[in-house]
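Asks: give me a model of this one.
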Amino acid sequence: MRSPRGFAGAVVFLLALPVTRLYEILAGDGAGVVIHAAFGLGAALMAVAAFDFKTPRWIAWAGCIATGALAAIFVLQGVSELISHPQLTRFAYQVVGQRVEGRLVDLFLLWCIGLLLLDSHGKTKIFGFVVMSIVVCVEAYSFGLSFAGRSLDAEAPGFKLLFLLPFVWLLLESRKISDP
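Replies: Model prediction:
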């Protein structure tokens, strides 16, 4: 397998919503902690997986730093949900959770594009182009809405689910057999 850590990270991201929903049904409370723990774990796995692919070192480092910082933010948000401290919650969601988290997601998407252009091939490359085209269009739409003073959550809440598509592609890309 090309990247067991990338495969595991993609699986964690893709299972985060169903597992959180199941937890919410069974436990009723604490879903915020579960989703942030899952996203934190998934992002941490993706951070170390950035070096498993054949991209220039600077691209691997950019992917690692972006997803590692995202992991830290997700864990911070989960901890703030767990302990319910007002200042920590404000910091986790309003300070680093707004603009910083969004820009880190953009850097992660740029890393995905770099991986797609420089190291993907065959059917997964075609699938990757489709996936990344969709996600880039959704991100551009989101930016446009933000300039108009509106949000993607309010205008088209289901579009947020499209941000899971890169993890479907990364799952396939990670499970390919490594070139010798």
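
Asks: what lies in contact with stretch 98-116?
Replies: Applying CB atoms under 8 Å, 6 or more residues apart in numbering, the contact partners of stretch 98-116 are 46, 50, 53, 55, 59, 62-63, 65-67, 69-70, 73, 125, 128-129, 132, 135-136, 139, 163, 166, 169-170, 173. For the C-beta atoms, the positions are set from N, CA and C on the backbone; glycine is no exception.

Asks: next, the buried residues of that stretch.
Replies: Residues of stretch 98-116 classed as buried under the neighbour-count rule (16 or more other CB atoms under 10 Å) are 101, 104-105, 107-109, 111-116.

Asks: repeat that for stretch 32-47.
Replies: Along stretch 32-47, the positions that meet the burial threshold by neighbour count (16+ other CB under 10 Å) are 33-47.

Asks: nearest to residue 7, of these?
Replies: Comparing the buried residues of stretch 32-47 against residue 7 with CB to CB places residue 45 closest, at 8.8 Å.

Asks: OK, contacts around the nearest residue to the closest one once chain neighbours are set aside?
Replies: Ranked by CB to CB, 6 or more residues apart in numbering and with sequence neighbours excluded, the top spatial neighbour of residue 45 is residue 9, at 3.2 Å. The contact partners of residue 9, by CB under 8 Å, 6+ apart, come to 41-46, 49, 167, 170.
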